[in-house]
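Got a sequence here, can you build the structure:
(chains A and B)
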Amino acid sequence: MPTLNDYLILSAILFAIGTAGVLIRRNIITILLSVEIMLNAVNLSFVAFGRSFGTADGQIIVFFVMTVAAAEAAVGLAIVIALFRHRESLNPATFTSLKW
Amino acid sequence: MTLFYLFGAVAVIASLLVISQRNPIYSVLLLIASFGALSGLYVMLEAPFVAVTQIIVYAGAIMVLFLFVVMLLNAPHEETEQDERLHAFRRQGPFRFGAALAIALAVELTWALTRVSGSETGGGFPAEAVSSVQAIGKVLFTDYAFPFEVTSVLILVAMVGAVVLAKRDA
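Next up is the predicted model:
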């Protein structure tokens, strides 16, 4: 049977992959997807800890994280659409001015 | 243990492919595969409610939203390639630095977790698990009733914000 440590190591690996995506990719949609990978890595560790402590709190916090992820995706993608409409680009390096 | 390695390998490989794809549509579809594997891990952790929510909310709602936007914008593929030709000389430094930081993070986290002595967290899980939706609902609507209500305000704000941001004459 896999132990808590196995789940935490898998969660750490997934979180590092998400971090790598945020740092090295230059497409704003892929960066948002990498943020989703990071959120899911943290969700996995929440559920594993909740299972280990024998409480429902971990699963409830995952529920809240999913809600926040949905809100973040909606607002983030609306911002992406607004940026693309103004700049015709998805590269974050082109979004350098605060106002246009 | 075999299932754990199977689901874990699928999740890790799909996530690695997500961040290495040129075309965002493939990234989104591979991320759905990664979420499916994570859902299997939740089933192994005896959290069927989270597993089902993962499929319905993440794969069903959030990823479809992403896919919708990727197909709506319809020009991201060429854009990245053009950018790489333009900034090839500037790209290498930050790219390497970011990759080095991410690998350092992975090594550090794994090292820290393997250092923890087995008796504290390494032992198996307790026999009984809170897995029924009834138990989760009871805690959610008693102890976590206030955060739950605040969540509805958050979703309302996100909805209004998304409409305002994406409006054409905003």
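
List the contacts of the residue nearest the centre of chain B.
Nearest to the geometric centre of chain B sits B:Phe35, at 7.1 Å (C-alpha atoms, centre = their mean). Shown in contact with B:Phe35 (C-beta atoms under 8 Å, 6 or more residues apart in numbering or on different chains): A:Asn40, B:Gln54, B:Ile55, B:Tyr58, B:Ala59, B:Met63. In this view, the C-beta of every residue, glycine as well, is placed from N, C-alpha and C.

Remind me which helix or strand it belongs to.
Taking DSSP states H and E as the criterion, B:Phe35 maps to helix B:24-44.

Okay, now the unreliable bits of the chain?
Answering for chain A, as no chain was given. Within chain A, the ranges that satisfy pLDDT under 70 run A:99-100.

my bad, the chain I had in mind was chain B
If you take pLDDT under 70 as the line, chain B has these spans: B:75-94, B:117-123, B:169-170.

Let's see that with 80 instead.
Applying pLDDT under 80 to chain B flags the ranges B:74-96, B:98, B:116-124, B:127-129, B:168-170.

any idea which helix is longest in it?
helix B:88-115 (DSSP state H).

Say whether chain A is contacted by that one.
Yes. Applying C-beta under 8 Å from any C-beta of the partner chain, one finds helix B:88-115 touching chain A at B:91, B:94-95, B:97-99, B:101-103, B:105-106, B:109-110, B:113-114.

Helices along chain A, start to end?
With DSSP H, the ranges of helices along chain A come out as A:4-24, A:28-53, A:57-87.

Would you mark the buried spots in the longest one?
This means helix A:57-87. By neighbour count on 16 or more other C-beta atoms under 10 Å in any protein chain shown, the buried set for helix A:57-87 is A:57-64, A:66-67, A:69-84.

Per the annotation, how does chain B divide into domains?
B:1-74, B:130-170 (automatic domain parsing).

Distance from the chain centre to the shortest one, please.
I take that to be domain B:130-170. Taking C-alpha atoms, centre = their mean, to the nearest Å, one finds domain B:130-170 lying 18 Å from the centre of the chain it belongs to.

Next: the first one.
Taking C-alpha atoms, centre = their mean, one finds the center of domain B:1-74 at 7 Å from the center of the full chain.

So which of the domains of chain B is the most surrounded?
Highest mean neighbour count among the domains of chain B (mean count of other C-beta atoms under 10 Å in any protein chain shown): domain B:1-74, with a mean of 19.

Look at that one and report the distance between its end residues.
One end of domain B:1-74 to the other measures 42 Å (C-alpha to C-alpha, to the nearest Å).

For A:Ile28, which of the domains of chain B is the nearest?
Distance to A:Ile28, taken as C-beta to C-beta, is lowest for domain B:1-74 among the domains of chain B, at 9.5 Å.

Contact partners for A:Phe64?
Shown in contact with A:Phe64 (C-beta under 8 Å, 6+ apart): B:Tyr144, B:Pro147, B:Thr151.

Would you mind giving the secondary structure of the second one?
If I follow you right, that is B:Pro147. helix (DSSP: H, G, I helix; E, B strand; the rest coil).
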